[in-house]
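> the sequence isn't on hand, but the structure is:
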């Protein structure tokens, strides 16, 4: 459900403006689903000219989980103090609730013909990006492209050279973990500012690489930057990222930064 557009309508005259199937999390704040930009345009063209109503596209900063099925209530209710019974949470109703420690907007709707809820929370692509960088997962097009080989990208473990044939085997002849001249390397910043990506990386005053992806690592409690570095500078060291003319100190780190034993993903 996450790709479906979500709009937030606010303001003292928002209620009068809206005559739709809609959720009302607060007195002057509403949330509605939309079928793409057509609905967004329809609402915006009908806004009062006095500024008493605002429409904001909140799709990118939120996600939606559809929890439906005969046992949907059995799954959700133990996670919250909010009453999710049929009597306490009727069909076509919406509530602000907590699932564990996470604040959500729950809507008693079903897109599957079974009882359940649409669960909305403020987690977008940036949350996913933070988690993948802590785990060392690469993003095609951001961290690596067809110009890179699996060994320099840190994916040599996936190559089975003993196989009789696989696509790309001939291209890897003479290439291994010992011959690469550059490596995709995780950097943990010593300061709390998060760089935005594509910055140059320096060591001993000279450029040695560039940043690909960045995010704040909430589990490790530090900003993360993945960077292509010359092989000699991918070893443990203290390069610096140039960020708007300032030098941001960082440390090259072993990966993955989170759960290096891979115990959590396999339990």
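Everything's here; your move. What you see is a predicted model; the values in this text were computed from it and never measured.
> quick check, residue 147 in a helix?
No: secondary structure assignment (DSSP: H, G, I helix; E, B strand; the rest coil) places residue 147 in coil, not in a helix.
> start at 51 instead
That works, and once the first residue is 51, the last one we named lands at residue 197.
> contacting residues for it?
Neighbouring residues of residue 197 by CB atoms under 8 Å, 6 or more residues apart in numbering: there are none. Just so you know, the C-beta spots here come from the backbone N, C-alpha and C atoms, and that holds for glycine as well.
> can you pull out the low-pLDDT segments for the stretch 201-317 of the chain?
Low-confidence segments of the stretch 201-317 of the chain (pLDDT under 70): none present.
> ok, which stretches of it are strands?
Ranges of strands in the stretch 201-317 of the chain, per DSSP state E, counting those that start in this stretch, are 232-239, 250-253, 256-267, 272-280, 290-293, 296-302.
> pick out the residue nearest the middle of this structure.
residue 178 (2.3 Å; CA atoms, centre = their mean).
> can you pull the contacts of that residue?
Residue 178 neighbours (CB under 8 Å, 6+ apart): none.
> mean confidence score for the helix or strand containing it?
Secondary structure assignment for residue 178, by DSSP states H and E: helix 175-185. The average pLDDT for helix 175-185 rounds to 91.
> tell me the angle of that helix relative to strand 256-267?
If you take axes from the mean of the first three to the mean of the last three CA atoms, to 10 degrees, helix 175-185 sits at 120 degrees to strand 256-267.
> could you look up the SS state of residue 100?
coil.
> picking up where we left off before, buried residues in the helix holding residue 178?
Within helix 175-185, the residues scored as buried using 16 or more other CB atoms under 10 Å are 179, 180, 181, 182, 183, 184, 185.
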